[in-house]
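**Q** Have a look at this fold, sequence not included:
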């Protein structure tokens, strides 16, 4: 049994967006769910939109799921 989801969407970066990793391999910096889905599709996930809210697959760290904006006082 797995202890952690294989996909991690990390906290917001200082410039906005969130780093995405699969088993500690960096896929890129996502600025939207569409970016995240594309990274997962390229990594071989057949229907990535289906797993975006599945905690068995994706762990959202350091912020609310589906939020990609710039943190701090200059945020919209």
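**A** Yep, it's here. Remember, predicted model here, so these are calculated numbers, not experimental data.
**Q** Please, which helix or strand holds residue 49?
**A** If you go by DSSP states H and E, residue 49 is part of helix 48-51.
**Q** Dig out what the spatially most central residue of the chain forms beta bridges with.
**A** Geometric centre of the chain, nearest residue: residue 9, 2.9 Å, by C-alpha atoms, centre = their mean. With DSSP bridges as the criterion, residue 9 is bridged to residue 20, residue 60.
**Q** Pretty sure it sits against residue 64.
**A** No: using C-beta atoms under 8 Å, residue 9 is not in contact with residue 64; the gap is 10.6 Å. (Each C-beta comes from the backbone N, C-alpha and C, glycine too.)
**Q** residues touching residue 62, list them.
**A** By C-beta atoms under 8 Å, 6 or more residues apart in numbering, residue 62 lies in contact with 10-12.
**Q** so what's residue 53 closest to, chain neighbours aside?
**A** Nearest non-adjacent residue to residue 53, counting by C-beta to C-beta, 6 or more residues apart in numbering: residue 65, 6.9 Å away.
**Q** in which helix or strand would I find the one you found?
**A** With DSSP H and E as the criterion, residue 65 is inside neither a helix nor a strand.
**Q** Make 10 the starting number, not 1.
**A** Yep, numbering from 10; the last one is residue 74 now.
**Q** How about the contacts made by it?
**A** Contact partners of residue 74, counting by C-beta under 8 Å, 6+ apart, are 18, 61-62.
**Q** if we can go back for a sec, chain center to the helix holding residue 58: distance?
**A** The chain centroid and the centroid of helix 57-60 are separated by 12 Å under C-alpha atoms, centre = their mean, to the nearest Å.
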